[in-house]
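Student: Sequence and predicted structure below; questions after.
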Amino acid sequence: MAKQKFKYNPDTLSFERIELTFLRKFSRVITHFIFSSVMGLVLMFVYFWLFESPLEKQLRTENKELRFNYELLNSRLDQISSVLVDMQDRDDNIYRTIFEAEPIPQSVRMAGFGGVNRYAELEEKPNMEIVLETTRQLDILSKQLYIQSKSFDDVIQLAKSKEDMLRRIPAIQPLHDKDVVRFASGFGMRIHPVYKTRKMHNGVDLTAPTGTKIYATGDGVISNADFSRGYGKRVVIDHGYSYKTLYAHMSRVLVRKGQTVKRGDVIGLVGSTGTSTGPHLHYEVIKNNRPVDPINYYLNDLTPEEYDEMILVSSRPTQSMD
Ligand SMILES: [Zn+2]
């Protein structure tokens, strides 16, 4: 029951009950209503603060999945970037070197976009770092890809204008793929199989049975067809353009000095003559009188997997067969 209110009346010397006016009653109801509503709202906020609504729960799960997928995308972008770096590397160090073109300067390859901040809109929004990162990576990648494809256009032009050079430069594997038992050792510092000391290995060793055919890797003229103590029976082809190739430890030499050969001609047979620990071909590519890594000169024949495997073997400190 509502509280009664009384007022002292000095005329009658008694307390009299005050009758509430309609307005007062109305204002009481309103106050009560407002108070209850505010309490209700407060309780609701507390509830939602403590517990998630089903919609929030769903959004949170979706958000998590999106984030996870963005992370996956980013790591795939990283992989693609590394493939591109490998391509750029080959472009600068092999293709462009072969055609004597200047490598593309790093400043051009890595040039930014400059000017307005392309990501301002994303930066302003909360929790967008991961989207920002992906967008940035994609932008960089597409720009570098564009530059790379332009560069390949140049290389194709150079190649067309240098057909003769291309026929001469060593560009195939000296043994048939099916004949190679093993890519035994790569180019670089190796432990010598006979002298057991660390020594520069100037070529690659391809293991194959005695009698396996050895092919000229480019057009040229035979400059040596002789025997040397280390190399055993050996052939050297002068390809011009400051390139030579050397084939060692043959069991038989099938060409003479001064003879002209074409790429793919058989020049001798695999053996183990000279300082050698077993039948194999020791193959060198010499540019400007200095041995270079032959791996870079038979890319044509290799699948990407084979190339990777060769790079791997080549970088391992294996023992050469010399
Ligand atoms: Zn060798």
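Tutor: On my side now, so go ahead. Residues are numbered from 1 along each chain as shown.

Student: C-alpha from now on. contacts and neighbour counts both.
Tutor: Will do.

Student: next one: stretch 250-260 to chain centre, how far?
Tutor: Taking the mean of its C-alpha atoms, stretch 250-260 sits 43 Å from the chain's own mean (C-alpha atoms, centre = their mean, to the nearest Å).

Student: same check, this time on stretch 232-242
Tutor: 36 Å.

Student: Regarding Ile214, what is its secondary structure?
Tutor: strand (DSSP: H, G, I helix; E, B strand; the rest coil).

Student: An error on my part: the question was meant for Ala225.
Tutor: Going by three-state DSSP: Ala225 is strand.

Student: so it touches Gly258, yeah?
Tutor: No. Contact criterion C-alpha atoms under 8 Å: Ala225 and Gly258 do not qualify, at 9.1 Å.

Student: more crowded one of those two?
Tutor: For Ala225 versus Gly258, the count of surrounding residues by other C-alpha atoms under 10 Å is larger for Ala225: 22 against 14.

Student: mind checking how far that one is from the ion?
Tutor: Distance of Ala225 to the ion, computed by C-alpha to the ion, to the nearest Å: 18 Å.

Student: For Ile18, the count of nearby residues, please.
Tutor: 11.

Student: pretty sure it is touching Asn9, no?
Tutor: No. Ile18 lies out of contact with Asn9 (C-alpha under 8 Å); the separation is 10.7 Å.

Student: what touches both of these two?
Tutor: The contact sets of Ile18 and Asn9 do not overlap (C-alpha atoms under 8 Å, 6 or more residues apart in numbering).

Student: Wait, a strand at Pro170?
Tutor: No. Under three-state DSSP, Pro170 sits outside any strand and is assigned coil.

Student: Based on its surroundings, how many neighbours for it?
Tutor: 26.

Student: just checking, it touches Tyr298?
Tutor: Yes. With contact defined as C-alpha under 8 Å, Pro170 counts as touching Tyr298 (7.3 Å).

Student: Need phi/psi at the most centrally placed residue in the chain.
Tutor: Centroid-nearest residue in the chain: Ser82, 1.5 Å away (criterion: C-alpha atoms, centre = their mean). In terms of degrees, to the nearest 10, the main-chain angles of Ser82 are phi -70, psi -30.

Student: cool, Ile237 as well?
Tutor: Backbone torsions of Ile237, given as degrees, to the nearest 10, read phi -110, psi 130.

Student: That one and Asp226 touch, don't they?
Tutor: No. Counting by C-alpha under 8 Å, Ile237 does not reach Asp226; the two are 12.0 Å apart.

Student: Show the model's pLDDT score for the closest residue to the ion within the stretch 51-200 of the chain.
Tutor: Using C-alpha to the ion, Ser185 is the residue of the stretch 51-200 of the chain that sits closest to the ion, at 7.1 Å. Listed pLDDT for Ser185 reads 76.

Student: Give me every residue in the stretch 201-322 of the chain lying close to the ion.
Tutor: Proximity of the stretch 201-322 of the chain to the ion, by C-alpha under 5 Å from the ion, involves residues 205, 282, 322.

Student: Rebuild these as CSV, extending it with pLDDT, secondary structure and distance to Asn63.
Tutor: Formatted as CSV, these follow (pLDDT from 0 to 100; DSSP: H, G, I helix; E, B strand; the rest coil; distance: C-alpha to C-alpha, whole Å):
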residue, pLDDT, secondary structure, distance to Asn63
Asp205, 92, strand, 55
His282, 96, strand, 59
Asp322, 78, coil, 60
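
Student: Counting neighbours, what do you get for Phe45?
Tutor: Neighbours of Phe45 (other C-alpha under 10 Å): 12.

Student: Looks to me like it is in a helix.
Tutor: Yes. Looking at Phe45 with three-state DSSP, it is inside a helix.
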